[in-house]
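Q: Requesting a structural model of the entry that follows:
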Amino acid sequence: MRTNTFAKITLAALAACAISVTTQAGEVADKPMVWAHYVPWFKPTDASILAAKYYNYPLFRSAGDNPADWAEEFRQAKAQGIDGFMVDVVFGKTNGQTNYSEIVHRMLKAAEGSDFQIALCLDVKSTVERQVRELDRMLTLFGKHPNYPQHGGKPVVATYTWGAWTPEEWASIRAGLRAAGHDIYLIANLNRNYTKQDREWLDSYAPHFDMAYCFAFEGIDGVPLQQTADIVADAAGRHGKDYMAGLSPGYYGGWLNGRNDFYQPHRGFDQLHDCFLMVRKGRDRWMHFKTWNDHDETSVLPMLFTPANPLITRAYSDAFKGIAPTATRPEVCLAYHREEIPGTLLRIEALNLPSLAQGPVTVRGELLDRDGKPVAPLEPRTLAANEFARTEWLIPTAPLARSPVLTPRLTVSSRGFSTTAKLPPVFLVNGWHQNAVTVKVPVNAHIEFPNTLEIFRGGGGEGIVEAAVSFEAGEEITGATLFRNDRPLAVFNGATNNKTLLNLVLSGRADRMLRVEGGEVLNAVRRHAEKNSDAFTWSKSEVVSRNARDWTPAGLLCAVTPDTRFQVLTVAGKGLLAFTARELNERGLIRAGNLTIEAAPLDPAAQSHEPLPAGTKKGAFKLSVLTREPRVSDAFYVRYETASGRVALSDVVYPFVTKERFVAKNLIQTSVNLETASGRTGMPGRSEYLGKDIPFATPSVIEARIPIESIRAGRWTFDTPGNAGRDSLGDMPVVIDPSMLEPDDRGGGGSVLRLNGETPLKMRLRTWPIGNATVDFQLNPEPGVTSPQSVIGRTGWSDGININLLPDGRIEVVRNGNKQVPVETLTTRGRLPFGGWSRVRVTNDSRHLRIYIDGKLDAEKAISPARSYGNSTWFIGGRYEGYANYRGKIDDLTVCCAAFAPGDANFPGH
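A: Numbering: from 1, shown residues only. Model prediction:
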């Protein structure tokens, strides 16, 4: 089995870590344990397919074998200073075994021979009887396993949903377990989310737990983190109970996969580091990270955009355990947003981890534009080498908005040591954050070497993108991955060289066979399927999937021509559907019953390909990808991995736009960003900066020229057969129920969206313009409107516009946001006809709202500048508070993140 690249970087950098392979573990009462919450529905075996759901996916190379992958994961966690996982098991509310309990048992078997610990963490409230019965079953089955932790001979059981039970219910659960022969060491999650802690509540539960902790310290109750930690720890201490310190880095939310639009601030390193600063030696018996692998929350395992995680968790663990640093060179990590809306104050934070480096550590650098020219200095900062130390740079981005990317180049030096590295760039994007990750990267992990990247549009109008790379490095290169818009599009290696590739994702509850003629399958993975599983098998000519579920998609990489033929069959061989690679690419997805075949925007097997041949230091590769039509906003780069675990990045290229094509735009110059406390996000009143005197606290408007490729956009014409929700300008397609479509009766074919006033169409999360916007669409309202209707509405509190229809046919536009954003309302003078089509365009340029009807300006209003961020989802046909849902037709909807009057040639897609 090949070594995981992500393990290499950690195990090499943390060479002092000794991982026992012989100790029989179990008793942990007198050990300063460090734990991490673990969700078993994200198996390490699924690392590749998870890239279809997350920008920030795990850097794990699966062996295709669950026990082997878990064992590797345990070694990685141990190298990060984590001694065990508290594994989430989900209780059902009906009869049947607790979900994922069998995985805990299998994980324990995989841990045998090591000292890594696996404990239960109870999730979801059921009934006292069921809780007792299932805990009895699980503890009888594996509670005495040598890798199941014991505290004074009592099996450790943690909780997530502690507060969903009453104190009396916990008393009954414990009594029932004792009667069944189990005296457990019970850990209570006393986190109360938006409710403040109080002594009476804590004291009522204290008799029933043995240790207290808070799963998430985020300050959303308005109380400083340290104060809350002290209240909970003191309550435990009053009753003679232990306390476990909780470390929480923030909460990303499931934006891309559509699970939720939540967010809780990371504040660079500060959210996690402030939790670490609350740890009190002598008081806090154990320490707990949220989480190892819940990617909808925030994971601390090595991830694509957060490769500093292993160094940080290990440094915290060592400090907690009193282990002195051993690194002789400075270890400085940087944190910053991957994306920022230009005009926003860019914050770059440095965190020094304790080392034995000689003398103070100096960090200096600059930001480079798209051409590699310095455009902003990062003035020298001095940090103590032997301490956890932080500093920040605050860079106004409005003067830099002409470049779509800003690349930090940093030099870290101390006595006898100096290194310079180009780090992952910041993308200046106009409109919304799509990849909301806070990059966390160690400077020492990045290297530079000569390389080239060329991207071409393939001939023949087939939607083919051609890519060619060359590189010459000073060390062995193990991998080279082509990214488009921060998603892994293709991998360069011998198997893909000089071939045309097609990425596919198959999903749905169906036992199916996919046969390939005139092409071949190069790689295939399925979620929750091991390499030799009977449920998922593949060869060069066919893929067979059995017992699939909605949550077990399969990903394929195929070598094709546009005429390659695919046939969908039952597993018995009965043909159901046939299509060509060209047809799938043109339509985006094809459905056959409950099976969906998607032309995927990424290689879903990207983490499962073989590495480059051993000893590769230079090379040149070419490949082509059959994919959607190129767009001006498409950004490509290559990520190189080395045998030592380090990373190099090519320059970012925008091959499908004329360089130096700019548009004038009003930017909101502000210090408000994604980390700013707002609404139900973050701790009210807490700053997202280290310093006190922060510029641009009051939003203002500043004029700038921005590159056209930095403007986010989406267009939905509702015309693609079988895929009416296809987005022809962005990567945000939606699924539309066929009952919401009807043929366009104006001639020309295609469909229109018809809304019945009952169910609006939910669009992709967090993809509505913040600030500047153009929203252009055709509207045909049904007669008989008696109350205001919401044509396009939003939830959440990011600043943006809503579009409504009044009973008399006038259009109303409302700009709102959080409580600090002034509400601005504009209403047309003209009236739309009911039962007839009109084209409506609404623009917001941060100085004025304007409404155009059939290409003519009808109404405008000056507005005050504003900026706010908050959970945000938009809907076609409803969701503006207090208004009825829209009844009627909508067609040809374009949303973009700059203000364009009708006829402006720069308007995307027209």
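
Q: can you pull out the helices in the protein?
A: 5-13, 66-79, 101-111, 128-142, 167-179, 199-205, 225-238, 270-277, 309-321, 581-587 (DSSP state H).

Q: As a markdown table, those with mean pLDDT, mean neighbour count and distance to Glu448 would be great.
A: Quick note: C-beta positions are derived from backbone N, CA and C, even for glycine. A markdown table is the format used below for the helices of the chain (pLDDT from 0 to 100; neighbours: other CB atoms under 10 Å; distance: least, CB to CB, whole Å):
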| stretch | mean pLDDT | mean neighbour count | distance to Glu448 |
| --- | --- | --- | --- |
| helix 5-13 | 44 | 21 | 17 |
| helix 66-79 | 98 | 22 | 26 |
| helix 101-111 | 98 | 20 | 39 |
| helix 128-142 | 97 | 18 | 49 |
| helix 167-179 | 98 | 16 | 57 |
| helix 199-205 | 97 | 14 | 53 |
| helix 225-238 | 97 | 18 | 39 |
| helix 270-277 | 98 | 22 | 29 |
| helix 309-321 | 99 | 23 | 21 |
| helix 581-587 | 96 | 19 | 36 |
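
Q: Same list (the ones you listed) but as a markdown table, adding distance to Gly855.
A: Output for the helices of the chain, formatted as a markdown table (distance: least, CB to CB, whole Å):
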| stretch | distance to Gly855 |
| --- | --- |
| helix 5-13 | 54 |
| helix 66-79 | 59 |
| helix 101-111 | 60 |
| helix 128-142 | 64 |
| helix 167-179 | 65 |
| helix 199-205 | 61 |
| helix 225-238 | 54 |
| helix 270-277 | 48 |
| helix 309-321 | 52 |
| helix 581-587 | 31 |
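
Q: among those, which is nearest Ile668?
A: helix 270-277 (23.8 Å; CB to CB).

Q: just checking, what packs against the closest one?
A: Counting contacts by 3 or more CB pairs under 8 Å, 6 or more residues apart in numbering; DSSP states H and E, helix 270-277 packs against helix 225-238, strand 242-247, helix 309-321.

Q: please redo it, this time with the cut-off set to 10 Å
A: helix 225-238, strand 242-247, strand 284-289, helix 309-321, strand 331-337, strand 346-353, strand 389-395 (3 or more CB pairs under 10 Å, 6 or more residues apart in numbering; DSSP states H and E).

Q: Mind checking those for the one nearest to Lys499?
A: That would be helix 309-321 among those, by CB to CB, at 34.7 Å.

Q: Just checking the distance from that closest one to the centre of its chain.
A: Centroid displacement of helix 309-321 relative to its chain, using CA atoms, centre = their mean, to the nearest Å, is 23 Å.

Q: repeat for stretch 428-447
A: With CA atoms, centre = their mean, you get 12 Å for stretch 428-447.

Q: circling back: just tell me which of the helices and strands packed on helix 270-277 ends up closest to Leu277.
A: Taking CB to CB, helix 225-238 is the member of those nearest to Leu277, at 7.8 Å.

Q: now for the closest one, which elements pack on it?
A: Looks like helix 225-238 contacts helix 199-205, strand 211-213, strand 242-247, helix 270-277, strand 284-289 (3+ CB pairs under 10 Å, 6+ apart).

Q: got the angle for it vs strand 242-247?
A: On the basis of axes from the mean of the first three to the mean of the last three CA atoms, to 10 degrees, helix 225-238 is oriented at 160 degrees to strand 242-247.
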